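**Q** Sequence and predicted model, in that order:
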Amino acid sequence: MQSAKETPVAVTDHVEILSSRLFGVAPSMLFEAFADPVKLAQWWGPDGFTNEIHEFDLRPGGRWVILMKTEEGAEFLNHSTFQEVLAPERIVFLHHDPIHVFTLEMDFRPEDGGTRLSWRMLMEPNEENTKFKAFIAYANEQNFDRLERVLGLTNALTA
């Protein structure tokens with residue numbers, strides 16, 4: 001199946017990063033790729049990262065703690081709290097640290113050819129977040145690329 005990519009970046013009263021891609025699978029399969037910590041650890045983060053999930057309680061108020069490691073050995077222990085979970089349609093979480101505090105809204109919408117996964121990241125409009133928004137949007141695309149590989153999808157098509 002093929003994928004459509006689009007990543008507009010906008011600045012409102014928050015730094016907003018929108019990432020969206022069509023995945024050639026059912027909403028339940030795409031949702032499960034996030035909801036299953038074993039699968040999630042395989043694709044989360046930009047290229048070159050490996051992950052250890054220390055805590056994963058996918059429910060409103062539940063915590064998510066993930067240790068992300070770069071190929072060079074740098075480690076980033078990330079802490080998040082789930083705010084909204086509606087399987088297989090939507091996940092919202094607040095990422096507390098280590099670097100960027102942000103809210104990520106994930107929507108899983110059926111569409112011809114599969115499911116569109118849309119991410120909406122909202123961060124405070126400070127200098128650091130504004131400076132890194134293009135990098136973060138690019139990293140989100142790498143997340144989607146890694147997710148496609150975990151799902152066994154190939155032949156991505158830009159639309």
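**A** That came through fine. All figures in this text were calculated on a predicted structure; none of them were measured in a lab. Numbers count the residues shown, from 1 in each chain.

**Q** Can you tell me the closest non-neighbouring residue to His95?
**A** Among residues not flanking His95 along the chain, Ser80 sits closest, at 4.7 Å (C-beta to C-beta, 6 or more residues apart in numbering). Quick note: C-beta positions are derived from backbone N, CA and C, even for glycine.

**Q** isn't there a strand covering the one you found?
**A** Yes - Ser80 sits within a strand when classified using DSSP: H, G, I helix; E, B strand; the rest coil.

**Q** ok, how many other residues are close to it?
**A** Residues lying near Ser80 (other C-beta atoms under 10 Å) number 20.

**Q** Which pLDDT value goes with it?
**A** Looking at Ser80, its pLDDT is 97.

**Q** Would you check that my belief about it contacting Trp64 is correct?
**A** Yes - under the criterion of C-beta atoms under 8 Å, Ser80 makes contact with Trp64 at 4.3 Å.

**Q** longest helix in the chain, by residue count?
**A** For the chain, the longest helix by residue count, based on DSSP state H, is helix 127-151.

**Q** what is the mean pLDDT for that one?
**A** Mean predicted lDDT for helix 127-151 stands at 90.

**Q** Roughly how far does Ile53 sit from Lys69?
**A** Counting by C-beta to C-beta, to the nearest Å, the gap from Ile53 to Lys69 is 12 Å.
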